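[1] predicted model and sequence below, questions to follow.
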Amino acid sequence: MQDKDIPTDGPRWLEWAADIQAIAQNGLTFAVSEFDKERYQTLLNISAQMMSSLSQSSMQPILDLFMSQSGYATPKIDVRGAIFQEQTVLLVKESADQKWTLPGGWADMNYSPAYCMQKEVFEESGYEVAVRKLVALYDKWKHEHPKQWPHTYKCFFLCEITGGSARTSIETSDVRFFPIDNLPELSLPRVTEKQIQRCYAHYLNPTWPTDFD
């Protein structure tokens, strides 16, 4: 689970709560009337209450997270690097849940997607990479991930190792190559087996166009 993810067990309720949160955030951004601002703040509180109930978490940290968001509400961007060597794929074990994923994480402000990808791979695995291709731009809610807030777009890149060596980090406890047909237990909030297999298909067929939702 990434730092700001809020897991729930009610997919449609999460969508409704997320819609309310986005409407409230947009309203607080553009409203001029103090009365309107008060109404949008009430909506934000309702959304936080809904997510608190769904995730069985206390409301105040969720409300604090919502209040830290400003400007027009847009999806977050998550980048994932697919690195293959013949019939194996590089995976890292997440310290948070002790399950495996393609290296990656939130895209950072003021950096390009490719640079963010290189940075995440190096930080999580110790390898330096060149980014070769955007394989896919996916809407996380349209794939087999647990339903979570915030709404996220996932960018999958094909990468090639250019240097470095396997090394763990604060976020990862292991770094290994696995056979593509014998993957370990995956961290499903971060990646699914279908997504890894799709990246491998693009690795074998580099002229394929980028996938997108």
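    That came in fine, so what should we check first?
[2] Thr168 belongs to a strand?
    No - under DSSP: H, G, I helix; E, B strand; the rest coil, Thr168 sits outside any strand and is assigned coil.
[3] against Val92, how distant is it?
    The spacing between Thr168 and Val92, counted by C-beta to C-beta, to the nearest Å, is 8 Å. Using the backbone N, CA and C atoms, a C-beta is placed for each residue, glycine as well.
[4] between those two, which is the more surrounded one?
    With neighbours defined as other C-beta atoms under 10 Å, Thr168 and Val92 compare such that Val92 has more, 29 against 15.
[5] give me the three-state assignment for that one.
    Under three-state DSSP, the three-state class of Val92 is strand.
[6] partners of it in the sheet?
    Val92 has these beta-bridge partners by DSSP bridges: Thr101, Val175.
[7] helix or strand for the residue nearest the centre of the chain, just tell me which one.
    Compute the mean C-alpha point of the chain, and by C-alpha atoms, centre = their mean the closest residue is Asp78, 3.9 Å away. Assessed by DSSP states H and E, Asp78 sits inside strand 76-85.
[8] elements contacting that strand?
    Counting contacts by 3 or more C-beta pairs under 8 Å, 6 or more residues apart in numbering; DSSP states H and E, strand 76-85 packs against strand 88-94, strand 104-106, helix 113-125, strand 127-139, strand 152-164, helix 193-204.
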